[in-house]
Each structure stands twice: as C-alpha cells, then as structure tokens.
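Engineer: what follows is a predicted structure for the sequence shown.
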Amino acid sequence: MAIGPDDVRHIAALARLAVPESQLPGLVAQLNGILSHMDALAQVKTKGVIATEGVGDAAMPLRSDIGPPIPLARPIEAFAPQTRDGFLLVPRLATHESAGDDESIE
C-alpha cells in the first residue's frame, strides 16, 4: 500500500494541520518508508515464538507491601501546623464549599 500526496493532504485535514505543498514530497517518502518497514515486520514468522513475560495486561507482579514503616527524622507535627491521628490537616480551598466552622478537611 503506497501513500500519495492526496493521502497526506487528507490526513493533514483530519488532524487540522496546515502542510505546505513544498513539504508534501518529503512526507510522502517518510510515510511510505514507515509502511515498507511495517510490511517487512508483517512478513516475520512468529508462529511458535514464546511471548515476552511482563508485557501487556499481565505486566509485572506487585510485591507485598510488608515491613515496618520507615521512621521520620522529625515528628509528623513538624510538617504541618495541625495534625490529627497521624494525618496532616490542611486548610479547605476557597473554591470549595465550606464544611462548617472548621476550615480543615476531615
């Protein structure tokens, strides 16, 4: 399958790109080069080839998140003005509705 200048103009119109006429021959050559590489890859015999592990939907298995927590160099209270039960309390954003008199997220 070969690409021509009309195909490049059509693709450019779909992508809403302005392609100068002077660049059309170069783009046609590049796209035809890509398609010839794809044709070469399509001819490779892959029957009986073992699938690559860790690629695709299966991906890499996740390890268990075990072990003691890493101790902090400073107490958690040193990181924010307010904390509760080991969590940092932060002021509510002005763009969000008020949750009452308390301006912290709960």
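Structural biologist: Now that the structure is in, tell me what you want to look at. Numbers count the residues shown, from 1 in each chain.
Engineer: which secondary structure elements does the longest helix belonging to the chain contact?
Structural biologist: What stands out as the longest helix in the chain, according to DSSP state H, is helix 24-42. Packing partners of helix 24-42 (3 or more Cβ pairs under 8 Å, 6 or more residues apart in numbering; DSSP states H and E): helix 5-14. In short, each C-beta sits where N, CA and C put it, glycine included.
Engineer: relative to residue 28, how far out is residue 3?
Structural biologist: 6 Å (Cβ to Cβ, to the nearest Å).
Engineer: again with residue 70
Structural biologist: In terms of Cβ to Cβ, residue 70 sits 57 Å off from residue 28.
Engineer: the two: who's more crowded?
Structural biologist: Taking other Cβ atoms under 10 Å, residue 70 and residue 28 do not tie; residue 28 has more neighbours (17 against 6).
Engineer: can I get the longest helix of the chain as PDB, trimmed to CA atoms?
Structural biologist: Written as PDB, here are the backbone C-alpha positions of helix 24-42 (Å, rounded to 0.1, in the frame of the first residue of the first chain):
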ATOM      1  CA  LEU A  24       4.400  17.000   0.600                       C
ATOM      2  CA  PRO A  25       7.100  15.000  -1.200                       C
ATOM      3  CA  GLY A  26       9.100  14.600   1.900                       C
ATOM      4  CA  LEU A  27       6.100  13.500   4.000                       C
ATOM      5  CA  VAL A  28       5.000  11.100   1.200                       C
ATOM      6  CA  ALA A  29       8.500   9.500   1.200                       C
ATOM      7  CA  GLN A  30       8.600   9.200   5.000                       C
ATOM      8  CA  LEU A  31       5.200   7.700   5.300                       C
ATOM      9  CA  ASN A  32       6.000   5.200   2.500                       C
ATOM     10  CA  GLY A  33       9.200   4.300   4.300                       C
ATOM     11  CA  ILE A  34       7.300   3.600   7.500                       C
ATOM     12  CA  LEU A  35       4.800   1.500   5.700                       C
ATOM     13  CA  SER A  36       7.600  -0.500   4.000                       C
ATOM     14  CA  HIS A  37       9.000  -1.300   7.500                       C
ATOM     15  CA  MET A  38       5.600  -2.400   8.600                       C
ATOM     16  CA  ASP A  39       5.300  -4.700   5.600                       C
ATOM     17  CA  ALA A  40       8.700  -6.200   6.500                       C
ATOM     18  CA  LEU A  41       7.600  -6.800  10.100                       C
ATOM     19  CA  ALA A  42       4.400  -8.400   8.900                       C
END
